[in-house]
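S.K.: quick one: sequence and predicted model below, then my questions.
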Amino acid sequence: MSRSLPASLTAGRRLPNVWDAVAVAFVFAAIVALVHVSPDTLKPLDAPDATVVTLDPANLPAYALRTTMRMFAALAASLVFTFTFAPLAAKSRRAGLIMVPLLDILQSVPILGFLTFTTAFFMSLFPGRVAGLELAAIFAVFTSQAWNMAFSMYQSLTTLPSDLVEATRAFRLSGWQRFWRLEVPFAMPGLVWNMMLSMSGGWFFVVASEAITLGDQSWKLPGIGSYVATALDERDMKAIWYAIAAMFVVILAYDQLLFRPLVAWSAKFRVELTAGLTAEDPWVLKLLRRTRILSRIAGAVAGVFGVIGSLRLEWPTLRTVSAPRGPSKLGDAMFFVVAAVVAAAAAWSIVAYVIAHDVGLSDLLETVGLGLITMVRVMVLIVLASLLWVPIGVYIGLRPDWARRVQVVVQFAAAFPANLFFPVFVILIVKFHGNSDIWLTPLMILGTQWYILFNVIAGASAFPGDLQEAAKNFRVGGFLWWRRVILPGIFPYFVTGAITASGGSWNAAIVAEVASWGDTKLRAHGLGAYIAQATDEGNFAHVVLGVAVMSIFVLGFNRVLWRPLYAYSTRRLTL
Amino acid sequence: MDGTLAKAPLLEVRGCRQSYHKDSVSDLLVLDDVNLTLSTGEIVGLLGRSGSGKSTLLRIVSGLLVPTAGQVKWRGADLHGPADGVAMVFQSFALFPWLTVQENVELGLEAQGVPKAEREKRAEAAIDLIGLGGYESAYPKELSGGMRQRVGLARALVVHPDLLLMDEPFSALDVLTAETLRTDLIDLWSEGKLPIKSVLMVTHNIEEAVLMCDRILVFSSNPGRVASELVVPFAHPRNRLDPAFRQMVDDIYALMTRRAVKPAVSVPTPAAEAGFATPLAPVSTNLLAGLLETLAAPPYDGRADLPALAGSLQLEADELLPMGEALQLLRFADLADGDLHLTEAGQQFTLSDTDGRKTIFAKALRDHVPLVAAIRRTLDERWNHRASAVRFRDELEDHMSPDYAEDTLRTAISWGRYAELYAYDEEAAQFSLEEIEPAD
């Protein structure tokens, strides 16, 4: 037997098994889906069926598919962004100076406020074609996903274990090789985790970005989001339930086929040697590992990456180890001058825009006032959600077998786009003539409250057993137990959850503070409603102002409240 | 010593059993028929190997764990949950990182509803007593391990417990710190300065037990039982170098190794299966090889006294005994009466080169470790020469606790890999014969 023959030929007994058939079905389904979707995007906008959304439930699978495709396109874009932005920010000191704060601010900008600008921009790229709208929707989802992924990777790259870095130096790996052998694997667990958070958050935005209004024009991209929007216009409650059911199936498939296998897979990149939560492999991962054909393909892909990773791509001049030289003064000076010029130009263009569009101090005061109203809403919601979910989360988290089961459900709930449920609330408010200022508010936290529950459960299940025993031994109970034992113990986790929840709530304000049911319009007072209305009216200047003020509120909220709380909790409340 | 007879027992444990319940299979015993009486004025040590259930017993006494069967009487009444007058010191210190030293110490008093002024006074007294004066406002993370355990002690003492429970209180500390803390504690105890009536401590350090305790209960493993009970007749302060002290340490070593000679047979399983399910302690082949070489070389020349060996290798009994037992299981050495001596096969092993050692090790594994032999046999029989580790783990779990099963399987994997009897894929949890020569 010649050694040069491929293994698949020599191993005669390794016939495909049942799992291969299942996997093949999956793969072909994915291909069919792609083929099904792509031709539509090149249709001209005024083609009869390009942007028509009908409420026939038979169309829902196709809509769900297109929504899902947008999600994955955005995820791919986010990955590309992450792999270019983060290494650049981490490796170039000068670039890092600008890029890191930029990321921080981009994270605080309410994405839905963007929608109008980006739609206009992409429409101008592909005049009269659906592709422009598609790209705008994908971009909206991208902006909800990319920042925290890039941040996670940046953080990993700046905290590489120094012994491993020294090892790569000692073995003279090139920068390219080090990137693939050390940096990417090291960043992987954090990146995968953030990717999944992003995906979960993304569903909300993909649904929101499918029905786009630009001034007096509005388009509906075929998808679940626009299906719901159409149902709202036509007051079709049944259709809304259909959409919720379809989304349920989509999220379930996404959860089972992608989310869980990824979590299990990323566990192998953990550097710390302590055995973490070693849950059983999800069935999809088992399937992947069992099927011969799929594991061959995976092996081939891994092989390609291995080859790419081991290339010695490098600038020839950098081959020799040069004495560490300080940063070039001239280079620094040039960099700062250029940065200052660009910043000044940007600032001037904002000022010019504001002046040109007649945005005065009164507008500013109005938006700040509305911002305060929305802020009160967010704070009240966080407090209420905490009062509800912290005790429940602690109760569940301290019971390991409960915690495991509930976590799955909560992750699912967090991924489910809460905006699909908005109509249900709206109908109830219309029916009972509720006050929109009060009753539209809970919608803001409908989708994000799960992060609080999720993190509290995680915190309570990570609460050290010996501390629990000590508390029991000294018979610490009742209020004293909450105050001295469990609340400080879960606090860092709670803050993490609350940060996510509050950020999400600000964003949701734009879609939650206004709602409609056929001709009935509900409107709460707040910055979200202001932005939504300005968008409806095509008043770009007011949209810019609203978005800017909201960004500043979110940024301030983070800097003044959450950052110090988080710093305190990690400094004081962990061992 | 005759005074203790007159006093009523503080604590009585009768016929205590603790079993781990596994579905479908008969219960796995962690503790079996343990009796213990504790009187005022004594320090009692529970000595045994890890996994002998001594910590479980301590948790039962503290009321943190309810025994499957048996009776626990505290001051003459049945024990239900954590009792008043019992305080515990933890191996891991278990200090609340968000509370200062003072707040940690006050916690037990706060739970009792003691008023603030008195709380502070008593906490300060306890902190001073244990030598932590000046550290009241420090957080645990600012303290060294020894200091932290002092806080743990102060926190337990401040509630003036009748019974102080200590769960391997010094094992997380370095040698010097541990010794200082031990002698400080014993000094305070002998001077009558501790506000406690009795101490029950868990340890796996034989010398520590002889140094501190008035009475020692030696536990056997799997299931945990009281194998023997010894009274330590020396007065405090004790001298480790005193020949009588050394003799007692030697005797306890002998006691613990004598137990090891005959394996626990009381588990009602067929003999063949019991062989398959012999728990293996996780000892690396490097350690085994190193121990064999040490044993073969001077000054031991094939025979070593365990306490002396433990001393020179700076190992505790708890660490050395599993190695000795592993060598005994493989018939590389014999373990008896506190001595370890090299066998013919062991001698052969030390004289061989790397490949020769692997061959000898492989033969010993196949002849004397039924689990390894069974894994290899299964692989030889399968058409694809693959077998899932899960299957073996499940079978092991029918006979032992999941932790033991995990350790045993890990050890079998590591030994079998070293001997090149099989390969193992961690990702897929699968044994295979890939890159292994075919069966002989």
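M.R.: That came through fine.

S.K.: does chain A have contacts with stretch B:94-104?
M.R.: Yes. Among the residues of stretch B:94-104, B:94-99, B:103 lie within reach of chain A under CB under 8 Å from any CB of the partner chain. No exception for glycine: its C-beta is placed from N, CA and C like everyone else's.

S.K.: cool, stretch B:131-143 as well?
M.R.: Yes. Using CB under 8 Å from any CB, we find that stretch B:131-143 touches chain A at B:139-141.

S.K.: now, the residues you listed that are in helices?
M.R.: Judged by DSSP state H, the residues of stretch B:131-143 next to chain A include no members of helices.

S.K.: neighbours around residue B:64, how many?
M.R.: 19 (other CB atoms under 10 Å in any protein chain shown).

S.K.: before we move on, which element is it in?
M.R.: Using DSSP states H and E, residue B:64 is not contained in any helix or strand.

S.K.: close enough to count as contact, it and residue A:474?
M.R.: No. If you go by CB atoms under 8 Å, residue B:64 and residue A:474 don't touch, sitting 11.3 Å apart.

S.K.: residue A:416 and residue A:201, how far apart?
M.R.: 11 Å (CB to CB, to the nearest Å).

S.K.: PyMOL command for the buried members of the residues of stretch B:94-104 next to chain A?
M.R.: Selection of buried members from the residues of stretch B:94-104 next to chain A for PyMOL, criterion 16 or more other CB atoms under 10 Å in any protein chain shown:
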select buried, chain B and resi 94+95+96+97+98+99+103
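
S.K.: could you dump the residues of stretch B:94-104 next to chain A to CSV with secondary structure, distance to residue B:351 and pLDDT?
M.R.: Shown next, in CSV, are these (DSSP: H, G, I helix; E, B strand; the rest coil; distance: CB to CB, whole Å; pLDDT from 0 to 100):
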residue, secondary structure, distance to residue B:351, pLDDT
B:94, coil, 50, 90
B:95, coil, 52, 92
B:96, coil, 56, 91
B:97, coil, 54, 89
B:98, coil, 59, 89
B:99, coil, 59, 90
B:103, helix, 62, 93
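
S.K.: could you single out the nearest of the residues of stretch B:94-104 next to chain A to residue B:362?
M.R.: residue B:94 (45.1 Å; CB to CB).

S.K.: now do the phi/psi pair for that closest one.
M.R.: Phi and psi for residue B:94, reported as degrees, to the nearest 10, are phi 50, psi 50.

S.K.: ok, residue A:533 - contacts?
M.R.: A:514, A:523 (CB atoms under 8 Å, 6 or more residues apart in numbering or on different chains).

S.K.: can I get the residues of stretch B:94-104 next to chain A in JSON lines including distance to residue A:562?
M.R.: Formatted as JSON lines, these follow (distance: CB to CB, whole Å):
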{"residue": "B:94", "distance to residue A:562": "30"}
{"residue": "B:95", "distance to residue A:562": "28"}
{"residue": "B:96", "distance to residue A:562": "24"}
{"residue": "B:97", "distance to residue A:562": "21"}
{"residue": "B:98", "distance to residue A:562": "19"}
{"residue": "B:99", "distance to residue A:562": "24"}
{"residue": "B:103", "distance to residue A:562": "26"}
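
S.K.: quick one, helices of the stretch 151-300 of chain B?
M.R.: B:175-190, B:206-212, B:243-261, B:271-276, B:285-296 (DSSP state H, counting those that start in this stretch).

S.K.: most tightly packed of these?
M.R.: Neighbour counts (mean count of other CB atoms under 10 Å in any protein chain shown) averaged over each of the helices of the stretch 151-300 of chain B peak at helix B:206-212, with a mean of 24.
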